[in-house]
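Novice: Give the three-dimensional model of this entry:
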Amino acid sequence: MVTVGIIGAGRIGKVHVQSITNNVPGAKIKTLADPFMNDETAAWAKGMGIQNVTKDYKEVINDPEIQAVLICSSTDTHAPISIEAINAGKHVFCEKPIDHDVNKIHEVIDALKGKNLKYQVGFNRRFDHNFKAVQAAVAAGKVGDPQIIKITSRDPEPPSPAYVAVSGGMFMDMTIHDFDMARFLAGCDAEEIYVQSAVLVDPEIGKAGDVDTAVITIKMKNGALVVIDNCRKSVYGYDQRAEVFGSKGMVANANDSQSNVVLSNEQGVTGEKPLFFFLERYMQAYSDEIKAFIDAVENDTDTVVGIDDGLKPVLMAMAANLSVKEHRPVKLSEVE
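Specialist: You can find the predicted model right below:
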């Protein structure tokens with residue numbers, strides 16, 4: 001049994017509390033910390049069986065009984081808290097991104113050197129049953145050499161302009177999952193990125209200095225070409241699909257919905273919308289990624305999504321931002 005402390009009791013922190021409590025028998029949560037802890041959240045945590053709640057995350061870091069720390073706080077705290085936890089001898093699960101600043105990610109990498117500690121980054125889509133099946137088919141050689149990879153990622157509704165202003169931008173906040181998926185499905189790193197982008201959903205997002213719609217093309221190191229299409233608003237729900245076309249065939253996944261029922265009548269042929277958003281679509285994936293992290297801690301094996309997997313998508317997001325700014329393809333070597 002691995003004793004865990006969670007830092008951050010916002011939306012994603014609560015997701016992990018529920019996942020561990022209900023679906024990860026190898027872990028128990030001792031402490032939940034959040035600087036904005038209030039009576040309502042504290043009562044909820046107690047109801048989930050958590051012994052301690054606090055506003056001071058250092059109570060998690062300094063507790064000798066806590067073996068592993070989940071960092072679910074704001075992005076600007078991920079790297080410094082990671083380093084504190086590592087220096088305290090804790091295993092770390094860190095939500096994405098580790099940081100928007102590559103230098104700070106390298107500080108985390110340096111802190112890990114020489115220590116037998118596990119570090120996993122929260123790219124949960126790798127654990128989704130659909131994307132795992134696509135990647136497994138590719139890795140098994142069933143489609144031959146990957147040639148064209150298409151990734152669609154469209155949110156059901158845009159974030160607020162206030163959120164956009166502190167998010168790091170769409171490529172660092174939203175597309176970063178798709179950058180990770182490109183590496184996951186291609187089985188290699190990216191070589192070059194080119195972006196066409198626009199503000200088509202909400203003018204306020206543009207005023208906040210970001211874009212809300214993009215088509216991204218990537219040349220991977222194995223020669224495969226990747227096309228990612230993103231939009232902050234999809235009126236029919238959360239659209240999450242991927243396709244890998246190769247020398248021997250093609251593999252693709254569809255969206256999840258409440259059922260696969262199709263109604264056919266004189267008005268037409270209709271099915272259900274995709275599940276609304278990431279909490280509906282990926283709850284099982286959130287549980288499975290924590291199970292994998294706990295397994296790595298218990299069995300002293302490598303984490304499935306390690307520190308390097310946390311670094312590479314950030315570099316890809318940086319290259320995408322530079323491509324938008326300078327209207328040209330950007331090699332990853334320019335931002336590394």
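Novice: ok, now which residue in this protein is the farthest from the centroid?
Specialist: residue 266 (42.5 Å; C-alpha atoms, centre = their mean).
Novice: Quick check on it: phi, psi?
Specialist: phi -70, psi -20 (degrees, to the nearest 10).
Novice: What residues of the helix or strand bottoming out on mean pLDDT in the chain count as buried?
Specialist: Counting by mean pLDDT, DSSP states H and E, the weakest-scoring helix or strand in the chain turns out to be helix 161-166, with a mean of 89. Using 16 or more other C-beta atoms under 10 Å as the test for burial, helix 161-166 gives 161, 164-165. In this view, the C-beta of every residue, glycine as well, is placed from N, C-alpha and C.
Novice: And it, what does it pack against?
Specialist: helix 203-207 (3 or more C-beta pairs under 8 Å, 6 or more residues apart in numbering; DSSP states H and E).
Novice: quick one: buried residues of the helix it packs on?
Specialist: Buried residues in helix 203-207 (16+ other C-beta under 10 Å): 204-206.
Novice: what do you get for stretch 15-31?
Specialist: Result for stretch 15-31 [16+ other C-beta under 10 Å]: buried residues 15-17, 19-20, 24, 27, 29-31.
Novice: Span of that stretch from start to end?
Specialist: Stretch 15-31 has an end-to-end distance of 15 Å (C-alpha to C-alpha, to the nearest Å).
Novice: can you check stretch 7-14 too?
Specialist: 10 Å.
Novice: What lies in contact with that stretch?
Specialist: 6, 17, 32-34, 36-37, 41, 44-45, 53, 57, 60, 69-74, 77, 81, 95, 122, 279 (C-beta atoms under 8 Å, 6 or more residues apart in numbering).
Novice: can you redo the buried residues of stretch 15-31 as a markdown table with secondary structure?
Specialist: As requested, the buried residues of stretch 15-31 are exported to a markdown table (DSSP: H, G, I helix; E, B strand; the rest coil):
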| residue | secondary structure |
| --- | --- |
| 15 | helix |
| 16 | helix |
| 17 | helix |
| 19 | helix |
| 20 | helix |
| 24 | coil |
| 27 | strand |
| 29 | strand |
| 30 | strand |
| 31 | strand |
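Novice: Let me know the closest of the residues you listed to residue 153.
Specialist: Set against residue 153, the nearest of those by C-beta to C-beta is residue 15 (18.9 Å).
Novice: What count of nearby residues applies to the residue nearest to that closest one when sequence neighbours are not counted?
Specialist: Counting by C-beta to C-beta, 6 or more residues apart in numbering, the nearest residue to residue 15 once its immediate chain neighbours are dropped is residue 286, at 5.4 Å. Neighbour count of residue 286, defined by other C-beta atoms under 10 Å: 22.
Novice: List phi and psi for residue 286.
Specialist: Per degrees, to the nearest 10, the backbone of residue 286 is at phi -60, psi -40.
Novice: dump the residue contacts of it.
Specialist: 15-16, 19, 124, 127.
Novice: And it, what's its pLDDT?
Specialist: We have a pLDDT of 96 for residue 286.
Novice: Residue 37 too?
Specialist: 97.
Novice: Helices along the stretch 51-200 of the chain, start to end?
Specialist: For the stretch 51-200 of the chain, the helices defined by DSSP state H, counting those that start in this stretch cover 58-61, 75-87, 102-112, 129-139, 161-166, 170-173, 175-186.
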